[in-house]
Every structure is written in C-alpha cells, then in structure tokens.
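> next come a sequence and a model predicted from it.
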Amino acid sequence: MSARQYITTAIDYPNAAPHMGHVLEKVLADVCARWMRLRGDAVRFQIGTDEHGVKIARKAKEEGVMPQELVDRNVPLFQDLYGRLQISYDAFVRTTDRKRHWPTVEALWRKLQEAGKLEKRSYTGLYCSGCERFLTKKDLEDGKCVTHKVAPEEVTEENWFFTLGEDALWLKKLLTKKGKGGYTIVPEFRAPETLMLIEQGLEDVSFSRSRESLTWGIPVPDDPDHVMYVWCDALTNYISGLGFFTNHEDRTFWDDAQVTHVIGKDIARFHALIWPAMLKAANVRTPDTLLIHGFLTSEGEKMSKSLGNVVNPEDVLSRFSGNPDPLRFYLSHEVPVGRDGDFSWERITELYDSALRNQLGNLLNRILVMLKKESGALQIDSKASDAKQVAEKWASYTERMDGFTLHEGIKLSMEWVRLMNEGFNDAAPWKIKDDAKQKVSVLSAFAEYVRHVALMLLPFIPQTAQEISRQLNVPYAEKMLEKDFVITPAMREWGSQKDWRTVGEPKILFAPLE
RNA sequence: CGCGGGGUAGAGCAGCCCGGUAGCUCGCGAGGCUCAUAACCUCGAGGUCGCAGGUUCAAAUCCUGCCCCCGCAACCA
C-alpha cells in the first residue's frame, strides 16, 4: 500500500443544517481515513463547505442577513456535528476563505485561461426566474418549468466556457486505465455509467455567471462583470487546501500521494470529467480514486421535507445519549459502500440491541466478569489453531478494507463476535470447577480474541473499540485514538502482547435504551 | 427504445461474473444453558429465487422477450 494518502469528501452546501446525507459521506470517508492511518499510511483527510451560489444568496435575503452572516452561522453546525461524530478530518476548507481558498482559485482560473481552455461566448438559454437558473430540455414539460409551471424566458448573456468537449478522448483513456496514472472509479458499476456519458458526447461547461445573475461568488480575474460558477470555485478546494499556486504551496499530499475523492453519485460526473480536465489543463496530476456513495432514504422513502421523514442527525445522536458509535455502526453496517441505503429508526434500534449490546457488549462482559472472579490475571497460551484463525481473519478483513468494501469488513468482524459467543458456550468455562488454571487459560483466549476484534472495529466505532480495549486493559488502549496509532503486524498476532497480564473492571458497554 | 440500480423466506440482503443440494442477519416458534446487559447457544417453521420462453444432463446463476419498483442530482446546485 502507498505510504501517503490524501482523502477528501465533497464540500457541503451550508444553506441549511446538515442532514443524514452529509453524515453518510463523512462517516464513510472517516472510516477510510482511519483505516489508512491504522495500516500505517500518512493520511491527510480534508472536508469543507461550498459557501457561494444563488441559493445561499437567496436564503440570506429571505432571512434579511448578509450571505456571509448566514454561512458563518451555519458552517459551525457542520463542524460541530462532525466533531461529535468523531470525523477525524485534518483540514476544513471554506470557499469564502479569501486567504486560503481564493488565491488558488484565481491562480487556477488564470492557468486554465493560459492553457486556452476558457472561452468567452454568448450564451442563449431558457431562464426560469423561479429557479434563478437556466433550464435544459429535461427541466421542461410542455415548454414550462417542471417546478414552477411557468414558461421560461429566453435570455442571452455572456459566459466563460470551459472547453470540456475536446477532452473526451483522453478522459476516456484516463478512466479506463488501470492502476497508476489511471483514475479508478469505485464501485466498479459506476465506471461504465461515466464512460457512457463520454460516449454521448461532452459539451463545454459554463464556468461563469454574469454579475447580475450571481453576485455571491469569487469574481473572475480581470473581468469584473463575471463571477465564477461553482466548478472552478468548489472543486478547487481539493488543492486550495494544499495552498496550490501560492507561496505556501505544499504538494506533499498530492504529487506523491494516493488521492481519493469521496463523493455522492449526484456529483460523480463532475468529479470524473470536469475536475481531471481542469487539473490537466493546469498541468497538475489527476487524482487516483473516485469513491462514489449512494443516497439514503428514510424509512424506505426518499427523504423530503414534504413527506416529513427527514432524519436529523442530532436526533440520532441524542437517542444514544450523544454516543456517535451506534450511528457510525449503522451507516457502516447497513449501507453497502456505493449502494443506496435506508435509515430506519426500528432498524437502528434493532441493530443496537442485537449487535452492539447483546453480541458485542455482552461477550466482553461475560468474559471479564469471569476473569475477575479468578483474580483478573491472564494466561494466554500459544496454540497453533488460534494463531491460524486470527491470521485468517486479519487477512480477509484487510482485503475487504483495502478494497473499499468496508461494509464487508465490519460484517466480518461482527460475524466473528457471533462465533466467539458460540465458542464461549461450547467451552463452558463456568463448568470448570476444579482446575483454576485451565479456567483462566480458556477465558484468556477469549479475551485475546476480543482484543483483535476491537482493533478491527476501530475504524468504524473508535470510541467503543477503545473502551473495549480499556476494559481488557491492553497496554496500547490509551493510544488507540491518536492519529499516529498504527496496528502493527505484531498486534495482529496471537498472544503478542506480552506486557498484558491482567484485565480491567467490566462495565456495561452499551446500556439498554430508555 | 434517455441513463442507471433493483425485483431471492415476514423485513433487510448475499449468491449471479466462473451454471451442479437456496444462504446470512433480524424477527418468529420450540429447546438448552445459567458465566453474562431477560443476555448467549441449538434446532425449527417460512421461499414456484418478478413473469414467459430458450440453451443445457443440470439455471437464482447463461441467452431472448416482457412486467413491476426505485433513483437521476438531496431540500430542491
């Protein structure tokens, strides 16, 4: 595996409070980032907010505040939520940051211009004043705007265009090339979808708006009548966070790193096509991986305000007394990477009870309570069969995690927990009455197994994984949440923790709800 | 013929690429155990694998046609 990883998420649009869609993406990216760190990579994990655009401007106007005030109020909602969800980001980019974001954006624009990729053209389109944007054929029904049921007016304005149309050939090569130098789409089934878009022909992309239609954005350099449209502004966050084209440029996490963008299926095409085309024009190497996730429904239906089924992440957190792990567990366990998923209160409660509380929590408890009755001392004997089983589990777990099938990684870990409960029943340590040494040996083996499972669960439910390790009293427990904590090859081996001699106090890991 | 995803036990899904006794989780029923958070373990009930053809000794799995559901840009950039 590569030693250096740069992983990003899409930047969120803070015109309202964060919702479950945002959370799904951040948890997914966080699990990836944590896993990469745990396997020993140097990781830079960046998220941020996309704060410009008509919708923000309009929302601000509605509320009678300046756009900057609106975003300054909303952005902390995202940062605060992600903090409490233990999203381990290293950098947060705000597109309204004139010191850290704008210089890169302006420099990139100039580079695109120098490369001849930007052309000013007169654009005539059907403009809907309700939507405050130009409509395409798809937005029309009987010549009227689908949302507002009004006929749009024909408006002509000058725009800067990015000549994406001429990039089709090499983009196709980039996206079909395997391995180094190629841009890999995960999951695989999304790749042909994107290639199909290229087949259908790429059109040039509008890169600016006239100042009349969009004021809240970054001005186009040397052209005060125009403001940058979302692409050059928002996508650029991935490199502005690294100070590209400025005097504080640090490309360590780009030129010499594996670059992974985690995004939703809605913006896949922009990240697969426009973004690499922009980078190439600016003479910057293209990213390596595009990890595309699906969307979340709520109770089986599309989340929408009108249906009233929008799930507020805050409610989920408070349902579990602020503990982020049940939600993190749910999203990782129930939503296959790349696929759509569903959030259901019944399901998350069910999973909390059966998986976290009854299987995982109870397993730890029954082992610790019995060991404590025997003075709490450990005696982990080396046994070839145990060593082999542990090695096999780690091998398949690592394969899943490295391949971004994280849901399989967590499921495999939990399946192992189930097997441990089964094994515990079979071993029936409570029946061993006369041989204390034998009893401790049997129980210690289970403690050692749980030590391994806690490591496997660490990227998903970090707080819980640490708490398990603390109760087990493993020597490295206190360091587990530090960013430089690495799961060493030794840690993956049976009985490798020679300094681990006693277990700690058993405590209820997950309490019954209500 | 816009594109894509999907239709497998009550629910959620795996299996399909590389055909060969239909599997997992939760839920449900019965039993076991009693170390443990009324937790854990075992067994069981429950499925015409969307429909119809075809290929084959054999199809959930391959081929053809059809039907149905859901997304298509996330609060409506």
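Happy to help now that I have it.
> report the secondary structure state of A:F45.
Assigned with DSSP: H, G, I helix; E, B strand; the rest coil, A:F45 falls in the strand class.
> which one is it nearest to, not counting chain neighbours?
A:A33 (4.0 Å; CB to CB, 6 or more residues apart in numbering). Backbone N, C-alpha and C define where each C-beta goes, glycine included.
> any idea which element that neighbour lies in?
Following DSSP states H and E, one finds A:A33 within helix A:20-38.
> same check on A:N362?
Using DSSP H and E, A:N362 falls in helix A:362-373.
> contacts only, for whichever residue of chain A sits closest to RNA strand B.
Relative to RNA strand B, the nearest point of chain A is A:G361 (1.8 Å; CB to the nearest atom of the strand). Under the criterion of CB atoms under 8 Å, 6 or more residues apart in numbering, the contact partners of A:G361 comprise A:I508, A:L509, A:F510.
> and with 10 Å instead?
Going by CB atoms under 10 Å, 6 or more residues apart in numbering, A:G361 touches A:Y352, A:D353, A:A355, A:T464, A:E467, A:I468, A:K507, A:I508, A:L509, A:F510, A:A511.
> what do you get for A:A107?
Contact partners of A:A107, counting by CB under 10 Å, 6+ apart, are A:P221, A:T236, A:I239, A:S240, A:F244, A:F245, A:T246, A:E249, A:A282.
> ok, of the residues you listed, which come out buried?
By neighbour count, with 16 or more other CB atoms under 10 Å, the contacts of A:A107 hold A:T236, A:I239, A:S240, A:F244, A:F245, A:T246, A:A282 as buried.
> so can I have JSON lines of those residues showing distance to RNA strand B and pLDDT?
Putting these into JSON lines (distance: CB to the nearest atom of the strand, whole Å; pLDDT from 0 to 100) gives the following:
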{"residue": "A:T236", "distance to RNA strand B": "14", "pLDDT": "95"}
{"residue": "A:I239", "distance to RNA strand B": "19", "pLDDT": "96"}
{"residue": "A:S240", "distance to RNA strand B": "18", "pLDDT": "95"}
{"residue": "A:F244", "distance to RNA strand B": "22", "pLDDT": "96"}
{"residue": "A:F245", "distance to RNA strand B": "23", "pLDDT": "96"}
{"residue": "A:T246", "distance to RNA strand B": "25", "pLDDT": "95"}
{"residue": "A:A282", "distance to RNA strand B": "20", "pLDDT": "95"}
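> those residues in helices, which ones?
Members of the buried ones among the contacts of A:A107 lying in helices (criterion: DSSP state H): A:I239, A:S240.
> of the buried ones among the contacts of A:A107, which is the nearest to A:R94?
Nearest to A:R94 out of the buried ones among the contacts of A:A107 is A:S240 (CB to CB; 10.0 Å).
> quick check: closest non-adjacent residue to the closest one.
Here the residue nearest A:S240, using CB to CB, 6+ apart, is A:T104, at 3.6 Å.
> show me what counts as buried in the helix or strand hosting the one you found.
Using DSSP H and E, A:T104 sits within helix A:102-114. Buried positions in helix A:102-114, judged by neighbour count with 16+ other CB under 10 Å: A:W102, A:P103, A:T104, A:V105, A:E106, A:A107, A:L108, A:W109, A:K111, A:L112, A:Q113.
> how about these in CSV, adding distance to A:I267 and pLDDT?
Formatted as CSV, the entries for these read as follows, by distance: CB to CB, whole Å; pLDDT from 0 to 100:
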residue, distance to A:I267, pLDDT
A:W102, 22, 95
A:P103, 24, 96
A:T104, 20, 96
A:V105, 18, 96
A:E106, 23, 95
A:A107, 23, 96
A:L108, 19, 96
A:W109, 20, 95
A:K111, 23, 96
A:L112, 20, 95
A:Q113, 24, 94
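> which one of these is nearest A:E478?
Set against A:E478, the nearest of the buried residues of helix A:102-114 by CB to CB is A:T104 (38.9 Å).
> so the closest one makes contact with A:R251?
No - contact between A:T104 and A:R251 fails when scored by CB atoms under 10 Å: they sit 12.0 Å apart.
> look up phi and psi at A:R94.
Per-residue torsions, A:R94: phi -110, psi 130 (degrees, to the nearest 10).
> hmm, back to that, strand partners (parallel or antiparallel) of the helix or strand that comes right after the helix holding A:T104?
Following helix A:102-114 in sequence order, the next helix or strand is strand A:118-128 (DSSP H and E). Sheet pairing of strand A:118-128 (DSSP bridges) gives strand A:133-135 (antiparallel), strand A:153-162 (antiparallel).
> check A:F460 and give its pLDDT.
Here, the pLDDT recorded for A:F460 equals 94.
> number of nearby residues for it?
Counted by other CB atoms under 10 Å, the residues lying close to A:F460 total 25.
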